[in-house]
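Peer 1: below are the sequence and a predicted model for it; my questions follow.
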Amino acid sequence: MSLSHSELTEALGQLLPKVIEDCQALVQLERLSGGASQETYRIVISGSGGQRLLAMRRAAGGEEGEITAQHPGLAVEAKLMQVAREHGVPEPQVFHVLRPEEGLGAGFIMEWLEGEALGARIVKDPALDQVRPQLAHMFGETLARIHSIDLQASGLDQHLQHLSPEDYVRQTWERYQAFETPQPMIDFTARWLLDHLPQNYTPSLVHNDYRNGNVMVDPSGMVAVLDWEVAHIGDPMRDLGWMLCHSWRFGRAHLPVGGFGQAEDFFAGYESVTGQTIDRQAVKFWQVFGSFWWAVGCLGMAEHYRNGPDQSVERPGIGRRSSECQVDCVNLLIPGPVSLVAGDEGAGLVDMPRADELLTSVVTFLREQVMADTQGRTQFLARVASNSLEIVQREMVFGRAAAEAEVGRLRKLCRSEETQLQELRWQLVKGLRDGRVALDSPGLAEHLRGAIVNQINIDQPRYPGLATALEGGAGV
């Protein structure tokens, strides 16, 4: 269901008057920035009362993948929003779920709500200064309402799969293994998770992506909980641990709840609704799992770029964010001393101009000209493209030294004569998978710290997890 924007606009223009009350015509359709796994559109329609706004959520490229516990489908996502709305969770009203015969792919059309949903703005927008200190408690209260929804009475038990903690770890680990890329820290974390599974939990509705960036807010508080696409039935502590992950703090590492609040306020809001004390150890498990899960998810974006259908510049860029999540796992599980390799500023074969100068010229063009002359998704993708080029620049400077250091550590750790980095990584990965390499093997933690810290220094040196790692992993 790969439609051009004009084709999508034409098809939607024919559908809307048939399914939306008092809709005379489609005026404008705009795809919004972000949305790597799903597409979001702003719709302007005309009616007897003038123009009004709607929103559309649509599968990437219009094509919905296999319906699984991790991806129950957009029709179920729409039902989840409707049920949550009935239980006091702020949600937009869903007007229409797309049908196959309509030719638009999988998705649904809903009420347009005004508010801020970009996490980076929520943590710093002056308009939210007054409400920001209360958000952590509000987020906790709302999450508790989600978890209190009766699965049988709502009928959600007929649409969602149940994932136990062990099932979820193994499913995620198997998904990563199918990518056929050796990432030893991911395998190390999977082993740790299987050794520390929560023993007791009450199966509940798990949003599974409840975080800053998926909740719309305004100066009065929460406006809507968004993006239910990966909901399932499982351990509710999954949502609490995910909320605390570094990836969703948007540069405010000292504020573990979305970069705007403290964990105890979040927990207090949750406990005020449930009346039960949160198991902090279970939350820690799910915080580790969250970084593990997103590390694999980022690699999945790169895999999706290779295989389609949505081969945008955004997907491989997100793929390199896997190292952010892996350094968070390092900080949570194996903190300790680590150092960065020295860079080679003179790398390259030609001097006039050098390769880094060519890259810099393109980055400058994207940032100072393309971004200045565009808006919306095009402007967003120009920023993503410039970020990707900067990764290549840093890899030219630090990549060789980091690889040589990693080869040296791996040869010692694996007791191998191999000299190729990828082959050495595979030796370690296979040893972790079959249990031949123990998690407390001498030198393993030191190697993983060194490898991941130097990789994140290439991929995203401004990520706060790098500074945390260089300080010994404190404050996670």
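Peer 2: Ah, there it is.

Peer 1: okay, now the unreliable bits of the stretch 351-476 of the chain?
Peer 2: 473-476 (pLDDT under 70).

Peer 1: what are the boundaries of the helices in it?
Peer 2: Secondary structure of the stretch 351-476 of the chain (DSSP state H, counting those that start in this stretch): helices located at 355-365, 371-373, 376-414, 421-434, 444-459, 464-470.

Peer 1: local confidence estimate at residue 303?
Peer 2: Note on residue 303: pLDDT of 88.

Peer 1: ok, residue 141 next?
Peer 2: Reported pLDDT for residue 141: 98.

Peer 1: element containing it?
Peer 2: For residue 141, the enclosing helix or strand under DSSP states H and E is helix 132-147.

Peer 1: ok now that helix, how far from the chain's centre?
Peer 2: Mean-position distance between helix 132-147 and its chain equals 20 Å (CA atoms, centre = their mean, to the nearest Å).

Peer 1: same deal with stretch 412-432?
Peer 2: Distance of stretch 412-432 from the chain centroid (CA atoms, centre = their mean) equals 30 Å.

Peer 1: contact partners of stretch 92-109?
Peer 2: The contact list for stretch 92-109 (CB atoms under 8 Å, 6 or more residues apart in numbering) reads 1, 3, 8, 11-12, 15-16, 19-20, 39, 43, 54-59, 61-64, 73-75, 77-78, 81-82, 85, 110-113, 224. For every residue, glycine as well, the C-beta is placed using N, CA and C.

Peer 1: returning to what we had before: most tightly surrounded among the helices of the stretch 351-476 of the chain?
Peer 2: Highest mean neighbour count among the helices of the stretch 351-476 of the chain (mean count of other CB atoms under 10 Å): helix 444-459, with a mean of 23.

Peer 1: any stretches of the chain with poor pLDDT?
Peer 2: 1, 33-37, 65-70, 309-310, 346-348, 473-476.

Peer 1: middle-most residue in it, spatially?
Peer 2: Central residue of the chain (CA atoms, centre = their mean): residue 294, 5.7 Å from the mean position.

Peer 1: can you pull the contacts of that one?
Peer 2: Residue 294 touches 245, 247, 325, counting by CB under 8 Å, 6+ apart.

Peer 1: tell me which element the closest residue to residue 193 other than its chain neighbours falls in.
Peer 2: Once flanking residues are discounted, residue 193 sits nearest to residue 169: 4.7 Å by CB to CB, 6 or more residues apart in numbering. Secondary structure assignment for residue 169, by DSSP H and E: helix 165-178.

Peer 1: ok, residues contacting the following helix or strand past that helix?
Peer 2: The element immediately downstream of helix 165-178 (helix or strand, assigned by DSSP H and E) is helix 184-195. Residues from elsewhere that reach helix 184-195 (CB under 8 Å, 6+ apart): 166, 169-170, 172-173, 176, 285, 288-289, 291-292, 295-296, 326, 329-330, 333-334, 425, 428-429, 432-433, 439, 444, 447-448, 451-452.

Peer 1: angle of helix 184-195 against helix 376-414?
Peer 2: Using axes from the mean of the first three to the mean of the last three CA atoms, to 10 degrees, the inter-axis angle of helix 184-195 relative to helix 376-414 is 80 degrees.

Peer 1: highest neighbour count among the contacts of residue 294?
Peer 2: Sorting the contacts of residue 294 by how many neighbours each has (other CB atoms under 10 Å) puts residue 325 first, at 29 neighbours.

Peer 1: specify the local secondary structure of that one.
Peer 2: Following DSSP: H, G, I helix; E, B strand; the rest coil, we place residue 325 in the helix state.

Peer 1: dump the residue contacts of it.
Peer 2: Going by CB under 8 Å, 6+ apart, residue 325 touches 245, 247, 291-292, 294-295, 298.

Peer 1: in a markdown table, list the residues you listed along with secondary structure and distance to residue 239.
Peer 2: Shown next, in a markdown table, are those (DSSP: H, G, I helix; E, B strand; the rest coil; distance: CB to CB, whole Å):
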| residue | secondary structure | distance to residue 239 |
| --- | --- | --- |
| 245 | coil | 11 |
| 247 | helix | 15 |
| 291 | helix | 15 |
| 292 | helix | 16 |
| 294 | helix | 14 |
| 295 | helix | 18 |
| 298 | helix | 20 |
